[in-house]
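S.K.: generate a structure from the sequence data that follows.
(2 chains)
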Amino acid sequence: MLIENPLGISADAFPVLECLHIAGFALSIGITALVDFRLLGFGLQKQTPAQIARAFEWWTLGGLIVAVFSGLLIFSTDPDMYYLNWSFLIKMACLVLAIAFNYTIHKRALSPGLSPAAGRLVACISLALWVSVIFGGIFIAVIRPGLT
Amino acid sequence: MLISFLIWLQNLEPFSDLRSSAYVYPIVLALHLSAISLFGAMIVATDLRLLGWALRDGSIADVIGRLRWPKRIGFLLAATCGFSLFSSKAEEYYYNSFFRTKILLLVLVAVHALVFRRSVYGDPAELDRAPELPARAKVAAGLSLFLWLGILCCGRYIGYVEGRAGMHFK
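M.R.: Residues are numbered from 1 along each chain as shown, chains lettered A, B, ... in the order given. Here you go, the predicted structure:
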């Protein structure tokens, strides 16, 4: 028996999920970028990078959770298309790397005693990983037509 | 008059090239979203400080002052990408009700800035001196979050309006 995805009931379900997805990732990626730019010497210089990260810790995590769960629901509307979409696969690889990096090396880079040069390198890697996730997401729709 | 200007705009070489390009268009779109992330987070950071929900050990004046120029640069980046995307299909966007709502909300953002310039953003040190965070600061922050979230959602919904027939694309 074919099971209907409940998201198919309303035409608004998909765009609403996309809005949540964008708001969620904008919050979490943007706050992480604020920390990264602070590591590079820009922005909220009264605070240390660690203080900025801690001040918004729950907002960053909240945004990430909203983005991931809305993303899972978006994925559920057409799983085999996403599974066969190489841009989606690259996005997932970058996402896993970015999250792992964020909660390990990036976190350690915020502790005192690390050289500023190492901090800048970590910031650049973090920014590059998260921007790759955004680009991977956009290009899912670009290569979709080639899949039929 | 406006329509003929928009038709002229969308058929300028860079914008008609953008319209027909397979890869440049999504790259500009991805840059638009990257800039939105950066800009949006700075808006959220400022507003959360004004609401007293984050960075409370730092002064409001410091947060507003240090993010003023980065915010302007972030907005300029997002707006430049957005303008390019708009210009590639200017005539179609003109008829798009979500695009119109988005522009209306952006005008309201400008009104918001004018209304709260004197009482909130222009003299944040005054807010820091107050024994308790003044209500006007919280109202300004709440409205700002609401407006920008509305702009974000309208932006996404623009793409869900079907293209019109009879557009003057060259």
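
S.K.: what about residue A:123, distance to chain B?
M.R.: Look at residue A:123 and chain B: by C-beta to the nearest C-beta, to the nearest Å, they are 13 Å apart. For every residue, glycine as well, the C-beta is placed using N, CA and C.

S.K.: can you pull the contacts of that residue?
M.R.: Contact criterion C-beta atoms under 8 Å, 6 or more residues apart in numbering or on different chains gives A:35-37, A:39-40, A:109 as the residues in contact with residue A:123.

S.K.: output the contacting helices and strands for the host helix or strand of residue B:44.
M.R.: Under the criterion of DSSP states H and E, residue B:44 resides in helix B:24-51. With contacts defined as 3 or more C-beta pairs under 8 Å, 6 or more residues apart in numbering or on different chains; DSSP states H and E, the packing partners of helix B:24-51 are helix A:13-39, helix A:116-143, helix B:13-20, helix B:60-88, helix B:135-158.

S.K.: again, only using 6 Å
M.R.: Helices and strands touching helix B:24-51, by 3 or more C-beta pairs under 6 Å, 6 or more residues apart in numbering or on different chains; DSSP states H and E, are helix A:13-39, helix A:116-143, helix B:60-88, helix B:135-158.

S.K.: for residue A:80, which of the ones you listed is the nearest?
M.R.: With respect to residue A:80, and counting by C-beta to C-beta, the nearest of these is helix A:116-143 at 13.3 Å.

S.K.: give me the buried positions along that closest one.
M.R.: By neighbour count, and taking 16 or more other C-beta atoms under 10 Å in any protein chain shown as the criterion, the buried residues in helix A:116-143 are A:119, A:122-123, A:125-127, A:129-140, A:142.

S.K.: do the same with stretch B:5-14
M.R.: Of the residues in stretch B:5-14, those scored as buried under the neighbour-count criterion (16+ other C-beta under 10 Å) are B:6-7, B:9-11.

S.K.: try stretch B:49-57
M.R.: Residues of stretch B:49-57 classed as buried under the neighbour-count rule (16+ other C-beta under 10 Å) are B:49-51, B:54-55.
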